[in-house]
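A.B. asks: let's see this in three dimensions:
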Amino acid sequence: MKVLVSNKKVAHDYFILETYECGIVLTGTEIKSARLGKVSLNDSYARVKDFELFIINMHISKYAFGNIFNHEEKRERKLLMQKHDIIKLSQKIKTEGLTLVPTKVYLKDSLCKVELALCKGKKLYDKRETKKQEDSSRRLEKTLKDYR
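C.D. replies: Reported below is the predicted structural model:
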C-alpha cells in the first residue's frame, strides 16, 4: 500500500469515530497525476447525494503531459461504497450531526482508494486539551529515555 497523501489536520480539528475505505472514480489523466502524488485534501469533505457518495474540494493537479482532454482540478468525484453502508452513514450524519472527512488517498493493488473518517468537530478547548496531553506524554517519554 503506497500512501499518496494524508490529511494530518483531521486529527487536530475533529474527533475521529470510525474510518471507512472506499474506491474513487477517476479519469485517465487524474489517476496519472494522482500516482505522481499531486493530490491535496485540504478543505475537502464527503457528502451523500441520492444514496451516492461524493468527495468535494479534492484537488488533483492537471497532468503535465495531458492534452485538451485534461481534467478539471476541483470537481466532485464519485466514491464507491456498498449501498447499505452509505445508507447507514447518511443516517448517522443526519441524526448525530457528524461529518465525513477524507484522511488518506492511497494505492492498494494498483487501485486508488480513499479513507474516510466519520468525525465530530472539536471545540477550541478540546484542541487545547489534546495539545496539553501530547506535550505531557512527550515530556514523560523524554524523561524516561534520559533516566534509562
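A.B. asks: helix or strand for the spatially most central residue of the chain, which one?
C.D. replies: With distances taken as Cα atoms, centre = their mean, residue 102 lies nearest the centre of the chain, 1.6 Å away. According to DSSP states H and E, residue 102 maps onto strand 99-108.
A.B. asks: and residue 84, by the same measure?
C.D. replies: Element membership of residue 84 [criterion: DSSP H and E] is helix 83-96.
A.B. asks: chain center to the helix ranked longest in the chain, what's the gap?
C.D. replies: What stands out as the longest helix in the chain, according to DSSP state H, is helix 124-147. Taking the mean of its C-alpha atoms, helix 124-147 sits 26 Å from the chain's own mean (Cα atoms, centre = their mean, to the nearest Å).
A.B. asks: kindly report the same for stretch 61-75.
C.D. replies: With Cα atoms, centre = their mean, you get 22 Å for stretch 61-75.
A.B. asks: show me what counts as buried in it.
C.D. replies: In terms of neighbour count (16 or more other Cβ atoms under 10 Å), stretch 61-75 has its buried residues at 61, 63, 70-71. Any C-beta I mention is one placed from the backbone N, CA and C, and that applies to glycine too.
A.B. asks: identify the residues contacting the residue lying closest to residue 2 once chain neighbours are set aside.
C.D. replies: Closest residue to residue 2 apart from its sequence neighbours, by Cβ to Cβ, 6 or more residues apart in numbering: residue 107 at 4.6 Å. Applying Cβ atoms under 8 Å, 6 or more residues apart in numbering, we find residue 107 in contact with 1-2, 4, 35, 113.
A.B. asks: one more: residue 101?
C.D. replies: Applying Cβ under 8 Å, 6+ apart to residue 101 gives the contacts 7, 10, 14, 44-46, 116-117, 119.
A.B. asks: what is the nearest of these to residue 98?
C.D. replies: residue 119 (6.4 Å; Cβ to Cβ).
A.B. asks: tally of neighbours for the closest one?
C.D. replies: When counting by other Cβ atoms under 10 Å, one arrives at 21 neighbours for residue 119.
A.B. asks: all set, thanks.
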